[in-house]
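> sharing a sequence plus its predicted fold:
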There are 2 protein chains.
Amino acid sequence: MDHADPPTNDDEYTRFFASEPAPAHLASVAAQVEAFVAHQRVVGRRTVLVTSGGTTVPLEANTVRFLDNFSAGTRGATSAEHFLEAGYAVLFLHRQYSLRPFSRHYTHTKDSIFGVLEATAEGQVQVNAEHAAFAHAVLTKHHAAMARKALLQIEFTTVVEYLYLLQAVATRMAESLGANAIYYLAAAVSDFYLPRTRLAEHKIQSAGAKGLDVRLDPVPKFLVPLVRDWAADGFVVSFKLETDPALLDSKSRAALARYGHQLVIANQLSTRKRVVYLVGHGGDAVHDRAENAARADSAPFRALQLPADLEAQGVDIESLMVPELVRMHDAWIATAATAKAADGEVSE
Amino acid sequence: MDHADPPTNDDEYTRFFASEPAPAHLASVAAQVEAFVAHQRVVGRRTVLVTSGGTTVPLEANTVRFLDNFSAGTRGATSAEHFLEAGYAVLFLHRQYSLRPFSRHYTHTKDSIFGVLEATAEGQVQVNAEHAAFAHAVLTKHHAAMARKALLQIEFTTVVEYLYLLQAVATRMAESLGANAIYYLAAAVSDFYLPRTRLAEHKIQSAGAKGLDVRLDPVPKFLVPLVRDWAADGFVVSFKLETDPALLDSKSRAALARYGHQLVIANQLSTRKRVVYLVGHGGDAVHDRAENAARADSAPFRALQLPADLEAQGVDIESLMVPELVRMHDAWIATAATAKAADGEVSE
């Protein structure tokens, strides 16, 4: 069964891909992803796609100015570490220079490596005594993930690159891994973009300008083709970030009703490191988009809160989120097998 | 003589500051800068303000979306290292998470610290043999700069923060250091901003939206008050980045004619790491804004190009730019003393 059926031509994202150029590294990324997912299939390892960081919308072809979405990439990079800890392979599709698993502990800090390394009078470099044990643990985990071929990192910058790469990665994961894949879409993807046909060639001149008027088009809702075609049979988790808490519940259910996927993780900008809301049937979702969508109103809404004492110890909320998702994924895989058996399909 | 004369009330930047809120850390930054420049004055050390990285323009008060200017901060961070090497103190006013002097060698690289550090089987952490000498040199230079109190790093994110901090830093430098200060304005500052009065409180909703229409106002030309009031007597270097090479000469001269400062460093987006153009009278500029402005058409235009063999060895173009600026600054300081003596002023 080929899940990546060609979409019908009237789809807005088909027009989007037809008019926006593909990133130069698309073919090489696709080849890397194919090898990576083939390996996970051979070793029988569940795999999660973690998207992370914000996308840009260039306002000029030779880009000086661009629109961006706030995201350091903490959620994605931290979650990736916990998924690896839980035995998953991680495809980490991230914004260039955003936080990455493991290295995040040393890149976006005030002191960078200078809080950790020191030069000795004898011309050597050593790790400060207070950081040695932690640095050793981080390096060992990173090395183990790479040695097991369990971590593949792919960069994007613009929203167009992101959507091309998302399609390329998700279709290959779905093809090889089916229900054994989680799609954990934590990237902050722009809702708007500037079509190539309206893009200024050179830097917009400011001299004498009364101001700048930027008119952006809506980005097609890529969760439609992702849930329907690209990531078929997979466990799809989308994120909803709001600054107004009154919108969290209604907007999360609206997403479930629209796309028929398994889970929305909703969070508020100001409290996102202490509390998230899990909205959806999760592992109890049925393997039928329309039915899931119809049940959106009755989907559980559950807060997951990091206890203050754990927060004070530096524990991150992703250490609670990921095991919860793994349990849901267990149930999802179990019902996928049942659904296949009921359909009379032969399990691969 | 107090160089930070209050500007007249009809100035556009005065209205800008009156309507946009000051950053919360302004007072603490001002106190740090005062102590820093007082120290440089006592030890008789020339000081350079290096601004670096792009500024943001938030589109929402609880910011999810923002406009940004492309800049990793390579020019500023690299130049800062060379200024320190040349014996200057450096005030590094930079975009949060952009490249910083010394740590830049380890933060925005593909491998981050994993290309440098390795965990041993004995539970220790060590620097790879191939990186040890370089890392030792970087750590030693960073440590020496901090120990000599020659480096102060200050962060900004938004264009409003940047302008408040620029004023606070420049006025204090000018007050203490006069002609002994260089203002090296390499930050990529937005020409446009969204006034607070038009800022959306919460995340702009996309559901059902036909698109997004953003109308931005021009940012006041802060080089006017900087050259006239804030950085008086200092050696001011502005940057001009264009993607269209045909504009480099005319736009650089237009800036000199408008502001009457000492030097424009012009560069093209695609070749900025190999060639820059120095436009202006530099150290031969007179200490009179109007006269400098009137001579803009006759100002030298000189290309500074990194030879291909040096580029291949990993030498950066800033290693040529900074010594050139130091020579100009020598001449500038010499004529400043002459100008003061001619004015009958007593040197402090």
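Okay, I see it.
> only C-alpha atoms from now on, for both contacts and neighbour counts.
Noted.
> helix, strand, or coil at A:V50?
On the three-state scheme (DSSP: H, G, I helix; E, B strand; the rest coil), A:V50 is labelled strand.
> how many neighbours does it have?
A:V50: 24 surrounding residues under other CA atoms under 10 Å in any protein chain shown.
> tell me where the stretch 1-150 of chain A has helices.
Along the stretch 1-150 of chain A, counting by DSSP state H, counting those that start in this stretch, helices occupy A:12-19, A:26-43, A:74-85, A:104-107, A:129-147.
> quick one: the longest one to chain centroid distance?
The chain centre lies 24 Å from the centre of helix A:129-147; the measure is CA atoms, centre = their mean, to the nearest Å.
> list the helices and strands the helix or strand just after that helix packs on?
Going down the chain from helix A:129-147, the next helix or strand is strand A:151-156, by DSSP states H and E. Counting by 3 or more CA pairs under 8 Å, 6 or more residues apart in numbering or on different chains; DSSP states H and E, the packing neighbours recorded for strand A:151-156 are helix A:26-43, strand A:89-95.
> what's the pLDDT at the residue most central in space within chain A?
Of all residues in chain A, the one closest to the mean position by CA atoms, centre = their mean is A:T51, 1.9 Å from it. pLDDT, A:T51: 98.
> now it, which residues is it bridged with?
A:L93, A:L185 (DSSP bridges).
> hmm, it is touching A:V189, no?
No - using CA atoms under 8 Å, A:T51 is not in contact with A:V189; the gap is 9.6 Å.
> adding distance to chain B, mean neighbour count and mean pLDDT, write the helices of the stretch 1-150 of chain A out as a markdown table.
Formatted as a markdown table, those follow (distance: least, CA to the nearest CA, whole Å; neighbours: other CA atoms under 10 Å in any protein chain shown; pLDDT from 0 to 100):
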| stretch | distance to chain B | mean neighbour count | mean pLDDT |
| --- | --- | --- | --- |
| helix A:12-19 | 13 | 14 | 90 |
| helix A:26-43 | 16 | 16 | 98 |
| helix A:74-85 | 14 | 22 | 98 |
| helix A:104-107 | 5 | 20 | 84 |
| helix A:129-147 | 5 | 16 | 91 |
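> can you say which of these is nearest to A:A299?
Of all these, helix A:74-85 sits nearest to A:A299, with 23.7 Å by CA to CA.
> tell me the contacts of A:E161?
Listed by CA atoms under 8 Å, 6 or more residues apart in numbering or on different chains, the contact set of A:E161 reads A:A22, A:P23.
> name the SS class of it, please.
helix.
> okay, it and A:G283: tell me how far apart.
31 Å (CA to CA, to the nearest Å).
> same deal with A:V275?
A:V275 is 21 Å from A:G283, by CA to CA.
> quick one: neighbours of A:A24, just the number.
9.
> give the contact list for the nearest residue to A:R228 once chain neighbours are set aside.
Distances taken as CA to CA, 6 or more residues apart in numbering or on different chains place A:R289 nearest to A:R228, at 7.6 Å, with adjacent residues excluded. A:R289 makes contact with A:R228, A:Y259, A:G260, A:H261, according to CA under 8 Å, 6+ apart.
> so the third one sits against A:N292, correct?
By that I understand A:G260. Yes - assessed by CA under 8 Å, A:G260 is found in contact with A:N292 at 4.9 Å.
> more neighbours: these two, which one.
More neighbours surround A:G260 than the other of A:G260 and A:N292, with 28 against 23 (other CA under 10 Å).
> got the phi and psi for the more buried one?
Reported as degrees, to the nearest 10, the phi and psi values for A:G260 are phi 70, psi 30.
> next one: it from chain B, what distance?
A:G260 sits 17 Å away from chain B, going by CA to the nearest CA, to the nearest Å.
> repeat for A:I333
Taking CA to the nearest CA, one finds A:I333 at 33 Å from chain B.
> pull the number of nearby residues for that residue.
Counted with other CA under 10 Å, A:I333 comes out at 19.
> quick one: secondary structure of it?
helix.
> how about it, nearest residue that isn't a chain neighbour?
In space, and not counting its chain neighbours, A:I333 is closest to A:A179: 5.7 Å by CA to CA, 6+ apart.
> residues contacting that neighbour?
A:D233, A:G234, A:F235, A:W332, A:I333, A:A336.
> let me know how buried the closest residue to A:V275 other than its chain neighbours is, in neighbour terms.
Using CA to CA, 6+ apart and skipping the chain neighbours, the partner closest in space to A:V275 is A:Q305 (4.4 Å). Number of residues near A:Q305 (other CA under 10 Å) recorded here: 17.
> residues touching A:Q305, list them.
A:R274, A:V275, A:V276, A:I317.
> just A:Q153 next, same as before
A:Q153 makes contact with A:L91, A:F92, A:L93, A:H94, according to CA under 8 Å, 6+ apart.
> A:F17 too?
A:Y164.
> care to break chain A down by domain?
A:1-104+A:149-205+A:213-233, A:245-341 (automatic domain parsing).
> TSV for the ones you listed, including distance to A:S112?
TSV is the format used below for the domains of chain A (distance: least, CA to CA, whole Å):
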stretch	distance to A:S112
domain A:1-104+A:149-205+A:213-233	10
domain A:245-341	18
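> go through these and pick out the most buried.
When the domains of chain A are scored by mean count of other CA atoms under 10 Å in any protein chain shown, the highest mean neighbour count falls to domain A:1-104+A:149-205+A:213-233 (a mean of 20).
> how far does that domain sit from the chain's center?
7 Å.
> hmm, back to that, measure the residue nearest to A:R228 to A:R258 for me?
9 Å.
> any idea how far chain B is from A:L226?
A:L226 sits 18 Å away from chain B when distances are taken as CA to the nearest CA.
> which SS state does that residue fall under?
helix.
> with A:L165 as the reference, measure out to it.
According to CA to CA, A:L226 stands 12 Å off from A:L165.
> go on, A:V159?
Distance from A:V159 to A:L165, by CA to CA: 10 Å.
> what of A:L59?
A:L59 is 21 Å from A:L165, by CA to CA.
> and for A:V33?
A:V33 sits 10 Å away from A:L165, going by CA to CA.
> what does A:Q268 give?
27 Å.
> picking up where we left off before, right, and the helices of the stretch 1-150 of chain A - which one's nearest A:R198?
Comparing those by CA to CA, helix A:12-19 comes nearest, at 11.5 Å.
> contacting residues around the closest residue to A:E242 other than its chain neighbours?
Nearest-residue entry for A:E242: A:Q268, 5.1 Å, with adjacent residues in sequence omitted and distances by CA to CA, 6+ apart. Listed by CA under 8 Å, 6+ apart, the contact partners of A:Q268 are A:L241, A:E242, A:T243, A:D244, A:P245, A:L248, A:V276.
> where does pLDDT dip in the stretch 151-300 of chain A?
For the stretch 151-300 of chain A, applying pLDDT under 70 flags the ranges A:206-209.
> close to chain B: what parts of it are there?
Taking CA under 8 Å from any CA of the partner chain as the contact definition, the stretch 151-300 of chain A meets chain B at A:191-192, A:202-203, A:206, A:209-218, A:242-244, A:269.
> host element of A:S190?
Going by DSSP H and E, A:S190 is not in any helix or strand.
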